[in-house]
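Participant: Output the structure for:
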Amino acid sequence: MRTNSILEGLIPFGDDDTVRVDLVWEKEGLPTFFPLLQQGVLVRANLGVSVRKILCDQLGVSSKYVDERINTIFLNGSPVDDVDTAVVAEGSTLGLSAALPGFVGAALRKGGFYSRMRMEITHSGTERPREVAEGFFVLKLYNMVLYELGPFFLDAGFWISAEDLVGFLSARPERFWERFKKGEIDGRKVDSRSIQDQAWSKGRRVVFLAVKAWTAGV
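Facilitator: The predicted structure follows:
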């Protein structure tokens, strides 16, 4: 599982580099945004701490979900067995997945019976203590974890390159926009056409994107 050098290349960035896009979408259409989360997005957190502390203490994912549903974790391309010792640093890529099929899936499962067979590629979790500081890491979600946590991360929002979002939106068919309900760019209300015309980025290279499920009457 490779890291995402394009996203890593965005770090560091400031408010002057960023445009904010807030969308309200029909709930049934939220999965159409999942390819972004599968490709990788930037999430801000206090880094230099364990995978569990990032996911549970800061991002709000329950420990039970991490232990029981996230069966396979990759940190910078290496499988993770212990979420309490593997440390997420600035620019790290963290991939989360439910159980993968077949023998390969069993071998990559965190703390699984076959984990000893992949010791050479397993994340060691033996980094030197790091200073805890706010920063960004790349998050990727796969299979059932993508469908279960995808709406949560869409609602919370994440950062992505403006180029990637423009490419994603320009490739959507017309029916994609039928589920659009509301939109704002930097706090200014816009219609779907304003987002489709691709001029919204105003030359800025980073987008903070949040996509919330539409509720009738709101």
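
Participant: moving C-terminal of the worst-scoring helix or strand of the chain on mean pLDDT, what's the next helix or strand?
Facilitator: Ranked by mean pLDDT, DSSP states H and E, the weakest helix or strand in the chain is helix 102-108, scoring a mean of 45. For helix 102-108, the following helix or strand on the C-terminal side (DSSP states H and E) is strand 133-141.

Participant: The helix or strand following that next one - contacts with which helices or strands?
Facilitator: The C-terminal neighbour of strand 133-141 among helices and strands, as given by DSSP H and E, is helix 143-156. Applying 3 or more Cβ pairs under 8 Å, 6 or more residues apart in numbering; DSSP states H and E, we find helix 143-156 packed against helix 34-39, strand 93-97, strand 133-141, strand 206-213. Quick note: C-beta positions are derived from backbone N, CA and C, even for glycine.

Participant: sec struct for residue 29, please.
Facilitator: Residue 29 falls in the helix class when you classify it by DSSP: H, G, I helix; E, B strand; the rest coil.

Participant: Residue 172: what secondary structure?
Facilitator: Secondary structure for residue 172, judged by three-state DSSP, is coil.

Participant: okay, the helices and strands packed on helix 143-156, which one's buried deepest?
Facilitator: strand 93-97 (a mean of 23; mean count of other Cβ atoms under 10 Å).

Participant: How about residues contacting that strand?
Facilitator: 1-4, 8, 40, 51, 54, 70-77, 88, 137-143, 145, 149 (Cβ atoms under 8 Å, 6 or more residues apart in numbering).

Participant: follow-up on the earlier one: redo the helices and strands packed on helix 143-156 as JSON lines? Include mean pLDDT.
Facilitator: Formatted as JSON lines, these follow (pLDDT from 0 to 100):
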{"stretch": "helix 34-39", "mean pLDDT": "96"}
{"stretch": "strand 93-97", "mean pLDDT": "95"}
{"stretch": "strand 133-141", "mean pLDDT": "95"}
{"stretch": "strand 206-213", "mean pLDDT": "97"}
